[in-house]
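**Student:** Provided below are the primary sequence and the corresponding predicted coordinates.
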Amino acid sequence: MARRILQPGVAVVLDTETHALWGRVMEVAVVDAATGEVLLDSLVNPQIPVTADVFDVHRISDAMVADAPTWDEVLPELLRVTDGRKILACNAEYDQTVIVGDCWGVETDPQHLRAKDQWGCIMRRRSDWEGVRDFLPLGGGHRVLVDTRAALEMLTSLASAPEWVLERLEEKVGA
């Protein structure tokens, strides 16, 4: 899976930070899985104050997003850079849920972003690789560009594993 997903044009790595747990997007980044090129890196004005507990995690303040574009302004570029590609997210269920929720919040069709089969969960893959149930952290810093790069580094390390190890993992997880 890791080797296939790292081929040109196949996938992107995405991450979000939100104003509250399961809240509105405050930051989003997308990098090309094959090249690491940054396709999108933007703060987003969620038009609602960040909660103190979430600010303590990602340190994105209301002042930092005050002049940032709103979700409806960022969405067209997000749709463009993810179109036709597998979307790999640090925590796919979370990222997809908040993104689709923000789309519905601005009365916009999330298009391909709503299709669950378009998404892959990097933390799940890592946990499967390590043979544990719980998600293992990817080593990012709760800022989207750092987290997408940490996730891509982890995928790259999976892709460099010996073939017999990858085959065993694919049998185990049905990849």
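**Tutor:** Noted; the coordinates are in hand.
**Student:** Asp102 against Val25, yeah?
**Tutor:** Yes: the pair Asp102 and Val25 qualifies as a contact (CB atoms under 8 Å) at a distance of 5.3 Å. For glycine as for every other residue, the C-beta is placed from the backbone atoms N, C-alpha and C.
**Student:** okay, and the common contacts of these two?
**Tutor:** Trp71 (CB atoms under 8 Å, 6 or more residues apart in numbering).
**Student:** average pLDDT across the helix or strand containing Val12?
**Tutor:** Element membership for Val12 (DSSP states H and E) is strand 11-18. If you average the pLDDT over strand 11-18, you get 96.
**Student:** run me through the strand neighbours of that strand, direction for each.
**Tutor:** In the sheet, strand 11-18 lines up against strand 25-32 (antiparallel), strand 86-89 (parallel) (DSSP bridges).
**Student:** can I get those in CSV including mean neighbour count and mean pLDDT?
**Tutor:** Converted to CSV, the strands paired with strand 11-18 look like this (neighbours: other CB atoms under 10 Å; pLDDT from 0 to 100):
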stretch, mean neighbour count, mean pLDDT
strand 25-32, 25, 97
strand 86-89, 23, 94
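**Student:** reformat the ones you listed into CSV and put distance to Val38 next to each item.
**Tutor:** What follows is the strands paired with strand 11-18, written out as CSV (distance: least, CB to CB, whole Å):
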stretch, distance to Val38
strand 25-32, 5
strand 86-89, 15
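**Student:** nearest to Thr148, of these?
**Tutor:** strand 25-32 (4.7 Å; CB to CB).
**Student:** looking at the strands paired with strand 11-18, which is nearest to Pro69?
**Tutor:** Distance to Pro69, taken as CB to CB, is lowest for strand 25-32 among the strands paired with strand 11-18, at 10.4 Å.
**Student:** which outside residues touch the very next helix or strand once past that closest one?
**Tutor:** Of the helices and strands lying after strand 25-32 in sequence (DSSP H and E), the nearest is strand 38-43. Strand 38-43 has contacts (CB under 8 Å, 6+ apart) with 12, 26-32, 60, 64-65, 68-69, 74, 77-78, 81, 144-145.
**Student:** and Gly84, how many neighbours?
**Tutor:** 9 (other CB atoms under 10 Å).
**Student:** remind me which residues of this protein are low pLDDT?
**Tutor:** Applying pLDDT under 70 to the chain picks out residues 1-2, 123-141, 161-175.
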